[in-house]
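Sharing a model prediction with you, sequence too.
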Amino acid sequence: MCHVRDDVSRLYNKVKFFDTICRYLFWLNIVLSLLNVYFKNCSSNICGIDVKSILIVGQYITAPLCVVLSMYSDFCPWYTAESERRKVAVQDGFCVPLSEYGVENYYNNNFQPSVFKYALNIFESIFFTKKISEEMCTGIFVKCIVFLVMFLSICFLKDSWDIKLLIIQSIFSVNILVSICAFYAYKESVQNIFDRFMDVFTMGKIDEKSIPVLLSLSIEYEALKAFYKVRLSSRIYKKYNKEITKKWDELRSKITF
């Protein structure tokens, strides 16, 4: 197996760091919300400690902090990492120096530098994205159910919450809902671009007449990633990498330029 060099991957470490914090804050907020439901009609004074007040303070902290860190991750480290990934895709496809970062054997095709090689690089990314996002659906669905439980808890407790906490939790809930909807919209859009790529690559030998379509689809995919900012699961990638790579090699072998 060839050694894979991917300098850009380390730029995503900062993204993963903030995403991990946001994930813990999300689940912590869920727990705090459910405990608030539990203590609504029970005594919240334990050993002289007002537990309900602590829970409310915890929600005051976790909800806005999760939203702010999520936005920062999107606008700063994520943008930097994705910007370099786009440059490196072009750099590898056309063999031109555009970035201080480089890759070797990251893309599984041996075509000569050209528009076709670049388009195939993008198509490979789409193929992996499509497969990984399909495997992520179960986890996202569970997150959606948990979110609904939390949202219902907000409605259930609205009479006992002060207006500031209600606003904060509502903003937090909307932020989670948007991210869930964005994932499913992204998944469907990726499937659509994949199908259109397949239409081009399966119609026979690819020639220069296909260049505008291939470039258009490649740019559309990059725009899609930039807009939705969906994080693919690294755990699922590692788990299914060999399987997806094998399927990609089978598909790539059928493509001729």
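Good, I have the coordinates.

Low-confidence regions, the stretch 101-250 of the chain specifically.
The model of the stretch 101-250 of the chain has pLDDT under 70 over residues 150-151, 153-163, 204-205.

ranges for the helices of it?
With DSSP state H, counting those that start in this stretch as the criterion, the stretch 101-250 of the chain has helices at 115-157, 163-201, 211-228, 234-252.

Quick one, which of the ones you listed gets closest to residue 84.
Of all the helices of the stretch 101-250 of the chain, helix 211-228 sits nearest to residue 84, with 12.6 Å by CB to CB. The way it works is simple: take the backbone N, C-alpha and C, and place the C-beta from them, glycine included.

and the gap between residue 209 and residue 196?
Distance of residue 209 to residue 196, given as CB to CB, to the nearest Å: 16 Å.

for residue 229, same thing?
Residue 229 is 22 Å from residue 196, where distance means CB to CB.

cool, residue 115 as well?
For residue 115, the distance to residue 196 (CB to CB) stands at 16 Å.

Which one's more surrounded, the two?
With neighbours defined as other CB atoms under 10 Å, residue 115 and residue 196 compare such that residue 115 has more, 18 against 15.

and the more buried one, how far is that from residue 203?
Relative to residue 203, residue 115 is positioned 17 Å away (CB to CB).

what do you get for residue 69?
Applying CB to CB, the value for residue 69 to residue 203 is 46 Å.

do residue 67 as well
46 Å.

more crowded one of those two?
residue 67 (18 against 9).

residues near residue 227, how many?
Per other CB under 10 Å, the neighbour tally for residue 227 reads 12.

Likewise for residue 137?
Around residue 137 there are 12 residues (other CB under 10 Å).

Let me see the contact set for the residue nearest to it when sequence neighbours are not counted.
Among residues not flanking residue 137 along the chain, residue 187 sits closest, at 7.5 Å (CB to CB, 6 or more residues apart in numbering). The contact partners of residue 187, taken as CB atoms under 8 Å, 6 or more residues apart in numbering, are 130, 133-134, 137.

Among the residues you listed, which one is most surrounded by other residues?
Neighbour tally across the contacts of residue 187 (other CB under 10 Å): the maximum, 21 neighbours, falls on residue 133.

Can you tell me how far that one is from residue 52?
40 Å.

again, but for residue 184
Relative to residue 52, residue 184 is positioned 36 Å away (criterion: CB to CB).

Those two: which is more packed in?
residue 52 (19 against 15).

Just give me the neighbour total for residue 78.
Residue 78 has 22 neighbours, counted by other CB under 10 Å.

I'd like the next helix or strand past the helix or strand hosting residue 52.
Assigned by DSSP states H and E, residue 52 belongs to helix 51-75. Under the assignment DSSP H and E, the closest C-terminal helix or strand after helix 51-75 is helix 77-94.

by how many degrees do that next one and helix 115-157 diverge?
Put simply, helix 77-94 runs at 160 degrees to helix 115-157, going by axes from the mean of the first three to the mean of the last three CA atoms, to 10 degrees.
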